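[1] following is a predicted model, sequence given first.
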Amino acid sequence: MPTRDADGQLLGDFMMLIPGLRQSPPEQQRALLARLDEVLRSHSEVVFADCNLRLNLLWISVSARPHAWRVVADAVRTALPQARLISPEGPATHRQPGRP
């Protein structure tokens, strides 16, 4: 997972749980993932995303602009109402060792 963007700026990341994704029939999974892909591609804040079907878990890295994570998380929840944000406070950006 990337920790910095192409300009060296720190990224923020967060996870969302998508209950029932793994148990969904394959055609429903494909439709859901296509919808998710469309949502994520429509947000320039998204730098990286990974959907782990086995864990029903979506990991998203976003540019460290204020509240970028919230905009993306809200868009995901609008498209997939079953999606749940795991960290309600939002992401902490990656920090350099020895720095607060």
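    Happy to help now that I have it.

[2] can we go C-alpha only for contacts and neighbour counts from here?
    Fine.

[3] which stretches of this protein have low pLDDT?
    In the predicted model, the chain carries pLDDT under 70 at residues 1, 87-100.

[4] quick one, helices of the protein?
    For the chain, the helices defined by DSSP state H cover 26-41, 68-79.

[5] what residue is smack in the middle of this protein?
    What sits nearest the mean C-alpha location of the chain, by C-alpha atoms, centre = their mean, is I60, with 2.6 Å.

[6] contact partners for it?
    13-15, 46-50 (C-alpha atoms under 8 Å, 6 or more residues apart in numbering).

[7] buried residues of stretch 63-75, list them for me.
    63-64, 68-70, 72-73, 75 (16 or more other C-alpha atoms under 10 Å).

[8] and if you look at stretch 27-38?
    29, 32-33, 36.

[9] contact partners of that stretch?
    21-22, 76, 79-80.

[10] go again with 10 Å.
    20-24, 26, 39-40, 42, 49, 51, 53, 58, 75-77, 79-80 (C-alpha atoms under 10 Å, 6 or more residues apart in numbering).
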